[in-house]
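Engineer: What shape does this take:
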Amino acid sequence: QVQLVESGGGLVQAGGSLRLSCAASGRAFNDYSMGWFRQAPGKEREFVAYISWSGSTTRYADSVKGRFTISRDRAGNTVYLQMSSLKPEDTAVYYCASDQARYGVTWTGGALEHWGQGTLVTVSS
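Structural biologist: Take a look at the predicted model:
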C-alpha cells in the first residue's frame, strides 16, 4: 500500500523558515514526480511546488517563487519543501502528492494518484 507521510509543520513567526518532509513508501518512487499543495482555511487547495522524478525539473506557484525550494533525496522516496520568508498568508495545511505524470494540467489541476494526509503550517504575524 502506497503511503505519503508529511512532517515538519508547526507554528512559526512571519519571516521565519520551516522545512517540510514527505516520506513515500509502498513502492519505488524514483520514476514518479512529486510535489506539494496547500489548502488555507476557507479556500480551495492550490498547487505549490513540483519536482520531476530525476530532480532536474522544478516548478513553483508564483506566490512562493523565490521563497520556497523543493528537493528530493537521491533514492527519490523523500521530498522536501524548504520554506523561507514565511508570510501569514502561507498558513495552510500542506499536502504531499505524487504521480507518474510530468508537470502540466495534471499537476496544476491536482488530479494526482497519491496524496498524503497533510501537515499544518501556521505563520503568525
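
Engineer: hey, where'd the helices end up in the protein?
Structural biologist: Secondary structure of the chain (DSSP state H): helices located at 105-109.

Engineer: show me where pLDDT drops low in it?
Structural biologist: Nowhere does the chain drop to pLDDT under 70.

Engineer: Residue 125 versus the nearest residue to residue 52 once chain neighbours are set aside, what's the distance?
Structural biologist: Nearest in space to residue 52, with sequence neighbours left out and distances taken as C-beta to C-beta, 6 or more residues apart in numbering, is residue 33 at 5.4 Å. For glycine as for every other residue, the C-beta is placed from the backbone atoms N, C-alpha and C. Note on residue 33: its distance to residue 125, by C-beta to C-beta, to the nearest Å, is 34 Å.

Engineer: Go ahead and flag the most central residue of this structure.
Structural biologist: The centroid of the chain falls nearest to residue 36 when counting by C-alpha atoms, centre = their mean (2.0 Å).

Engineer: Quick check: beta-bridge partners of that residue?
Structural biologist: Here residue 36 sits in beta bridges with residue 49, residue 96, going by DSSP bridges.
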